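Asker: 3D, please:
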Amino acid sequence: MKVLLQRVRRASVTVDDQVVGSIGLGLVALVGVELGDGPEDARRMAEKTALLRIFPDAAGRFHRSVRDCEGEVLVVSQFTLMADTRRGRRPSFTQAAPPEVAELVVEQFATGLTSHGVGTATGRFGAHMVVALENDGPVTLLLQSRE
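Answerer: All right, here's what the predicted structure looks like:
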């Protein structure tokens, strides 16, 4: 499982010209699910996301988590994070989990964030989404459940 986190001032996701999820201060979490990922991966990644100290304290140091600053997380499924681009000119997605598995794991990730006291909004799984965000920093980190 890969989660690409972007610290944001605000973000939204639109499907068919309708905003389906939006947040203020917080994180956009682009979530890719790999073959073999399951509930335990979702739980660990949700905990890591909720508690990762990447927001500044009064001195400007990374000392606060999204939960500490009462931020929110916008969760967006992103199977393209599983792309293998090592060969050729077209990415391969053979390591991406099938949609029925990936959707469940992404939902479990969002539920895990909520269980850690983090407000959560989501995109729409499998839809063509337009994600708008105001990256803060910019701060962008890639979390991976496996090496």
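Asker: ok, now how distant is the spatially most central residue of the chain from Gly126?
Answerer: Central residue of the chain (CA atoms, centre = their mean): Ala29, 1.7 Å from the mean position. Distance, Ala29 to Gly126, using CB to CB, to the nearest Å: 17 Å. Just so you know, the C-beta spots here come from the backbone N, C-alpha and C atoms, and that holds for glycine as well.
Asker: which residues does whatever helix or strand Ala46 lives in contact?
Answerer: Here Ala46, judged by DSSP states H and E, is contained in helix 39-51. Helix 39-51 is contacted by residues 1, 3, 5, 27, 29, 31, 65-67, 73, 105-106, 108-113, 115-118, 143, 145 when judged by CB atoms under 8 Å, 6 or more residues apart in numbering.
Asker: remind me, longest helix of this protein?
Answerer: helix 99-115 (DSSP state H).
Asker: show me what that one is packed against.
Answerer: Using 3 or more CB pairs under 8 Å, 6 or more residues apart in numbering; DSSP states H and E, the elements in contact with helix 99-115 are strand 26-32, helix 39-51, strand 72-77, strand 119-122.
Asker: relative to Gly60, which of those is closest?
Answerer: strand 26-32 (18.5 Å; CB to CB).
Asker: let me see the mean pLDDT of the closest one.
Answerer: In this model, strand 26-32 has a mean pLDDT of 98.
Asker: what lines up beside that strand in the sheet?
Answerer: Its sheet considered, strand 26-32 pairs with strand 2-15 (antiparallel), strand 72-77 (parallel) by DSSP bridges.
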